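[1] Got a sequence here, can you model it:
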Amino acid sequence: MISNEELDDPYVCMTGEELEEACTLENDKPLTLAEERLAQRKKEVVKKLQILARTSPKYNKLLIEILKEENRIVAATGS
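    I've put the predicted structure just below:
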């Protein structure tokens, strides 16, 4: 069950495109700073994401890669 506070968090419920956008390097920053920020955002997504909606195999793969980087056990189903 998702609480009212969680509903305000942009990482709790996302579409596949929002997931990709949240995990993309920022082009306006030096690469090392962008990589650090990307790593932090991936951790935020993994900790908070509960619903991934309107997704495709591409975004499922991205989520699985993020979870694996966090040493999480991963399984995916779908048609």
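[2] Please make it C-alpha for all contacts and neighbour counts, starting now.
    Will do.
[3] most centrally placed residue in the chain?
    When CA atoms, centre = their mean is applied to the chain, the residue found nearest the centroid is Val45 (4.1 Å).
[4] Now do the strands in this structure.
    13-15, 51-53 (DSSP state E).
[5] Buried residues of stretch 59-75, list them for me.
    Tyr59, Asn60, Leu62, Leu63, Ile64, Ile66, Leu67 (16 or more other CA atoms under 10 Å).
[6] Next one: the second one relative to Glu17, how far apart?
    The one in question is Asn60. 11 Å (CA to CA, to the nearest Å).
[7] next one: the fourth one
    The span separating Leu63 from Glu17 equals 11 Å under the rule CA to CA.
[8] cool, the third one as well?
    Summarising the geometry, the distance separating Leu62 from Glu17, computed by CA to CA, is 10 Å.
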